[in-house]
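Engineer: Below are the sequence and a predicted model for it; my questions follow.
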Amino acid sequence: MPKKMTKYLNQASLWFNRWFGGEQMFILLHFIPLFALYTGVNAIDWLMCAILYLLRMFFITAGYHRYFAHRAFKLNRFWQFIFAFMAETSGQKGVLWWSGHHREHHRLSDTKADPHSLKQHGFWESHIGWIFNPKYKAVPIDKIKDFAKYPEIRFISKHDWIPPWTLGVVSWLIGGWSGLWIGFFLSTVITYHSTFTINSLTHKWGKKRYETGDDSKNHWLLALTTLGEGWHNNHHFYQHSARMGWFWYEIDITYMVLKVLSWLGIVKDLRPVPKQFKYAHRPEKLAALGLQNASVSRVKVKKQPHSFSDLTPA
Ligand SMILES: [Zn+2]
Ligand SMILES: [Zn+2]
């Protein structure tokens, strides 16, 4: 890219960050859908709102979370960029920032150093406050070196205003002003809080099947609203699986979509759940399968949270 263009882009990103990156703007954003009281709303706006919620929730969980934070499957460079771009249309900051901090959440889960522990810092701090905490403003680049090595990923992570603003303009072109207020802004606000319940409520609500050393829980309703993320205790027990609902009755819509994308050749090598993890709560089943209890393997995972060579599924 020409030097002059890079300079303008850097200035634009600083400007967007200064004006739109703070708490005040985040709070104001919640009131923007109220402009629909003046413009009126039609069926297309509500349809756009639902589609943009589902689409972005999918890319948050499949992109930011399962791919970039946990490398739960493989993508080529093109699709890797698309997943990063689409995740960032949610306005949840750069992919390196999101995924780097998320790796820290697993490494330090529910300790004082966990960026968003409900137990340690209370509901509001774990739900939203931590995002605006100056301590977590920087991209934890040393935690996400494996993706920071790609220049296009560094680019879209740095200029993270481009994807949401692009989607905002597209929503306006399709639905006009009411499409922007309801289709884009209302779905953005709902997507924010739905995502944030995973940082706050899934460490309080629900059932704990596996001993993970933290407060992570499984909750069916949060799993439905977040397209699978609510199976959070499963996920804390074994982070590297593409699947978060481990049993047939644990609905994980993101995994279903990933499975379809794997048939199309877009997604490859979906990492399965090793049986010694899946059945760790059923000693008789483990014995029948001749497997060791996963808590032993889990010590290994804890020690090397981002090394995947020793996690080959059984
Ligand atoms: Zn968690
Ligand atoms: Zn995770």
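Structural biologist: Received it, and whenever you're ready, just let me know what you need. Ligands and ions are numbered 1, 2, ... in the order given.
Engineer: quick one: secondary structure of the closest residue to residue 67 other than its chain neighbours?
Structural biologist: Using Cβ to Cβ, 6 or more residues apart in numbering and skipping residues adjacent in sequence, the residue nearest residue 67 is residue 83, 5.7 Å away. Where C-beta positions appear, they are placed from N, C-alpha and C, glycine not excepted. Here residue 83 is recorded as helix under DSSP: H, G, I helix; E, B strand; the rest coil.
Engineer: Look up the pLDDT of residue 83 for me, please.
Structural biologist: We note a pLDDT of 98 for residue 83 in this prediction.
Engineer: buried ones in stretch 255-264?
Structural biologist: For stretch 255-264, the neighbour count (16 or more other Cβ atoms under 10 Å) marks 255, 257, 258, 261, 262 as buried.
Engineer: hang on, the earlier thing: what sits against the residue nearest to residue 67?
Structural biologist: Shown in contact with residue 83 (Cβ atoms under 8 Å, 6 or more residues apart in numbering): 59, 62, 63, 67, 68, 75.
Engineer: now this protein, which segments are flagged as low pLDDT?
Structural biologist: Counting by pLDDT under 70, the ranges of the chain that qualify are 295-314.
Engineer: and if we set it to 50?
Structural biologist: The model of the chain has pLDDT under 50 over residues 297, 299-314.
Engineer: Strands of that one, residue ranges please.
Structural biologist: With strands called from DSSP state E, the chain shows none.
Engineer: residue farthest from the centroid of it?
Structural biologist: Distance to the chain centre peaks in the chain at residue 288, reaching 36.1 Å (criterion: Cα atoms, centre = their mean).
Engineer: Distance check, that one against residue 275.
Structural biologist: Counting by Cβ to Cβ, to the nearest Å, the gap from residue 288 to residue 275 is 11 Å.
Engineer: In contact with the closest residue in space to residue 29 that isn't next to it in sequence: list those residues for me.
Structural biologist: Counting by Cβ to Cβ, 6+ apart, residue 189 is the residue found nearest to residue 29 once chain neighbours are left out, at 6.4 Å. The contact partners of residue 189, taken as Cβ under 8 Å, 6+ apart, are 29, 30, 33.
Engineer: Pull the number of nearby residues for the last one.
Structural biologist: Translated: residue 33. As a burial measure, residue 33 scores 23 neighbours (other Cβ atoms under 10 Å).
Engineer: now swap in the second one and tell me
Structural biologist: Applying other Cβ under 10 Å, we find 14 residues neighbouring residue 30.
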